[in-house]
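Asker: Fold the following for me, if possible:
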Amino acid sequence: MKKEELIIIGGGPTGINCAIEATKKGLDYLILEKGVLVNSLFHFPFNMTFFSTSVNLEIGDIPFISHTDKPTRKEALEYYRRLYDHYNLKIAFRRMVLSLEASGDGYIIKTNRENYFTKQVIVATGFYDQPNLMNIPGEELKKVKHYYDEAHHYIDQKVIVVGGANSACDVALETWQKGADVTMVIRQKELYRKVKYWILPNIQNRINEGSIKAYFSSTLSEIKVDEVVINTEEGFLTIANDYVLAMTGYRPDYKLLGNLGIQINDDGKMTPVFNDDNYLSNLPNVYLAGTVLGGLHTSKYFIENSREQASKIISHILNVKR
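Answerer: Numbering: from 1, shown residues only. This next block holds a predicted model:
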């Protein structure tokens, strides 16, 4: 069994930030990452542009250089590779954490490959890997996607976009611009009021002119091979369909959190239990960091408003060790 002073679960921006703070304070650590470096960002849409500026995304005292004010996915991946090289980050890739068990004065962390013993744990697992499912017949069909890649697949195809927030509006516009026949199915009576200010007028105009069809106060009730059934305000409607892009959002991996022993609040947002001052969870010496703290409220924490968490957690770990 391998022994580490600190185990960080998750190699995304928050996990990297925690590792950098540990490096600066001389605290030995290892990141366990189930995929590749910043795995969630790697699986973002190819042409995605961040809402935040590059300055607000900087960590580790390393400038984030981008060609425009708001960086692209490609620029972000290059930035985190620079951080990885500059700080010589210790990351074990393709290590999927399965469980955490108390053992003596620490914990045994079991992964899909080897097991680790550690006295301190930081859980920085985010939420992007767990889509909110619609739980309707046909959702398992290959034509249904919860992750958008790029528009080329959808040229001259009949596309359903589910959702009315930022991702859904971006996807609807991009696929329409590349020649898709786009229909939006939106549960609410209107588009999400916080859609990016440079996107909202465009999508509203496309809907108003009929270029993009939109069914508000509506849901998908069934997905078939060549069509879908929409539950609208006027009743059920069946239309031809080639692809369903379900931009329904994401949630933390509650199964993993349960296997780790992290308690969840009964607050309607399923937020994990943690101390607001030091981010300590219900378990001794097990901390939570990053977007996972928001539970189902996935817009509460993001990179730029959670950067300070790393220094607070590492400082608390060092104070406990004294």
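
Asker: can you pull the contacts of the residue sitting nearest the centre point of the chain?
Answerer: Geometric centre of the chain, nearest residue: Tyr128, 2.5 Å, by C-alpha atoms, centre = their mean. Counting by C-beta atoms under 8 Å, 6 or more residues apart in numbering, Tyr128 makes contact with Ser40, His43, Tyr250. Quick note: C-beta positions are derived from backbone N, CA and C, even for glycine.

Asker: In ChimeraX, how would I select just the buried ones from those?
Answerer: Buried subset of the contacts of Tyr128, written as a ChimeraX selection, criterion 16 or more other C-beta atoms under 10 Å:
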select :40,250
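
Asker: Of the contacts of Tyr128, which is the nearest to Asn319?
Answerer: Nearest to Asn319 out of the contacts of Tyr128 is Ser40 (C-beta to C-beta; 30.8 Å).

Asker: Can you pick out the ones from the contacts of Tyr128 that are in strands?
Answerer: The strands, defined by DSSP state E, take in nothing from those.

Asker: pLDDT and distance to Ala165 added to the contacts of Tyr128, as JSON lines?
Answerer: As requested, the contacts of Tyr128 are exported to JSON lines (pLDDT from 0 to 100; distance: C-beta to C-beta, whole Å):
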{"residue": "Ser40", "pLDDT": "91", "distance to Ala165": "17"}
{"residue": "His43", "pLDDT": "88", "distance to Ala165": "18"}
{"residue": "Tyr250", "pLDDT": "93", "distance to Ala165": "12"}
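
Asker: In TSV, list the contacts of Tyr128 along with distance to Asn166.
Answerer: Converted to TSV, these look like this (distance: C-beta to C-beta, whole Å):
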residue	distance to Asn166
Ser40	16
His43	17
Tyr250	13
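
Asker: returning to that earlier point: give me the pLDDT for the residue nearest to the centre of the chain.
Answerer: Tyr128 carries a pLDDT value of 86.

Asker: three-state assignment of it?
Answerer: Here Tyr128 is coil, with the state taken from DSSP: H, G, I helix; E, B strand; the rest coil.

Asker: mind showing which ranges of the stretch 201-322 of the chain have poor pLDDT?
Answerer: By pLDDT under 70, the low-scoring segments of the stretch 201-322 of the chain are 322.

Asker: which stretches of it form strands?
Answerer: 213-215, 219-223, 227-232, 235-240, 243-246, 286-288 (DSSP state E, counting those that start in this stretch).

Asker: Check these for me and report the most buried one.
Answerer: strand 286-288 (a mean of 26; mean count of other C-beta atoms under 10 Å).

Asker: Per the annotation, how does this protein divide into domains?
Answerer: 2-130+250-321, 144-246 (automatic domain parsing).

Asker: quick revisit: nearest to Leu280, out of the strands of the stretch 201-322 of the chain?
Answerer: strand 286-288 (5.6 Å).

Asker: Identify the residues contacting the closest one?
Answerer: Taking C-beta under 8 Å, 6+ apart as the rule, strand 286-288 contacts 100, 107, 120-124, 260-262, 272, 274, 278-281, 313, 316-317.

Asker: again with stretch 203-217
Answerer: By C-beta under 8 Å, 6+ apart, stretch 203-217 touches 164, 169, 172-173, 176, 182-191, 195, 230, 232-233, 237.

Asker: Quick one, which of the contacts of strand 286-288 are buried?
Answerer: Among these, those classed as buried by 16+ other C-beta under 10 Å are 100, 107, 120-124, 260, 262, 272, 274, 279-281, 313, 316-317.

Asker: need the contact list for the nearest residue to Asp105 once chain neighbours are set aside.
Answerer: What sits nearest to Asp105 in space, not counting adjacent residues and going by C-beta to C-beta, 6 or more residues apart in numbering, is Lys119, at 6.2 Å. For Lys119, the contact set (C-beta under 8 Å, 6+ apart) comprises Glu5, Leu6, Asp105, Gly106, Tyr107, Asn285.

Asker: Pick out the most distant pair among the residues you listed.
Answerer: Across the contacts of Lys119, no pair lies farther apart than Leu6 and Asp105, at 13.9 Å, counting by C-beta to C-beta.

Asker: In contact with the residue nearest to Asn112 when sequence neighbours are not counted, which residues are there?
Answerer: In space, and not counting its chain neighbours, Asn112 is closest to Met96: 4.4 Å by C-beta to C-beta, 6+ apart. Met96 sits next to Lys34, Thr111, Asn112 when contact means C-beta under 8 Å, 6+ apart.

Asker: Then Arg113?
Answerer: Arg94, Arg95.

Asker: Assign it to helix, strand or coil.
Answerer: Assigned with three-state DSSP, Arg113 falls in the coil class.
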